[in-house]
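Asker: Let me see the structure of the following:
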Amino acid sequence: MKVVNKLHDVNQSLTQFLMCLQLQIVCCAVTNVLQGSEELARLKKDLEGYREVILPINKVIEWEQNYYPAVLVAAITLIFS
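Answerer: Below is the predicted model of the structure:
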């Protein structure tokens, strides 16, 4: 009976340890997400001044017009030739 009680105590201790470990893992994940969102917000703020330049470049990169692929190929050819 003593052995069974000891095993039960060990099982409870192990269960509590694993629950604490899972809680720590979740807390770390939440902290990483929050830090990522803070970094993203800081990056957006830092790039606000370049918005007028970035938006047209983004439109070309996403090929919003039919002739943008030709413009990209011509620009890359000129740069590397």
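
Asker: mind listing the helices for the chain?
Answerer: 2-47, 51-61, 68-80 (DSSP state H).

Asker: I'd like those as CSV, with mean neighbour count and mean pLDDT appended.
Answerer: C-betas here are computed from N, CA, C, even on glycine. Shown next, in CSV, are the helices of the chain (neighbours: other CB atoms under 10 Å; pLDDT from 0 to 100):
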stretch, mean neighbour count, mean pLDDT
helix 2-47, 10, 74
helix 51-61, 10, 84
helix 68-80, 10, 89
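
Asker: which one is residue 61 nearest to, not counting chain neighbours?
Answerer: residue 72 (7.7 Å; CB to CB, 6 or more residues apart in numbering).

Asker: which ones are touching the one you found?
Answerer: By CB atoms under 8 Å, 6 or more residues apart in numbering, residue 72 lies in contact with 60-61, 63.

Asker: Tell me how far it lies from residue 51.
Answerer: 21 Å (CB to CB, to the nearest Å).

Asker: Repeat that for residue 81.
Answerer: 31 Å.

Asker: One more: residue 25?
Answerer: 38 Å.

Asker: again with residue 32
Answerer: Separation of residue 32 from residue 51 (CB to CB) stands at 28 Å.

Asker: Next one: the residue most central in space within the chain relative to residue 29, how far apart?
Answerer: The chain has residue 36 as the residue nearest its centroid, 6.3 Å off, counting by CA atoms, centre = their mean. According to CB to CB, residue 36 and residue 29 sit 11 Å apart.

Asker: cool, residue 77 as well?
Answerer: Noted for residue 77: a distance of 46 Å to residue 29, by CB to CB.

Asker: one step back: ok, the contacts of residue 72 vs residue 12, which is closest?
Answerer: residue 61 (57.6 Å; CB to CB).

Asker: State the distance from the closest one to residue 53.
Answerer: Residue 61 is 13 Å from residue 53, by CB to CB.

Asker: How about residue 62?
Answerer: Distance from residue 62 to residue 53, by CB to CB: 15 Å.

Asker: just the CA coordinates of stretch 41-51, formatted as CSV?
Answerer: Taking C-alpha atoms only, stretch 41-51 is exported to CSV below (Å, rounded to 0.1, in the frame of the first residue of the first chain):
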residue,chain,number,x,y,z
ALA,A,41,4.1,48.5,-35.1
ARG,A,42,7.6,50.1,-34.7
LEU,A,43,8.5,49.0,-38.3
LYS,A,44,5.3,50.5,-39.7
LYS,A,45,5.9,53.8,-37.8
ASP,A,46,9.5,53.9,-39.1
LEU,A,47,8.5,53.3,-42.7
GLU,A,48,5.6,55.8,-42.8
GLY,A,49,7.9,58.4,-44.4
TYR,A,50,8.7,56.1,-47.2
ARG,A,51,5.0,55.3,-48.0
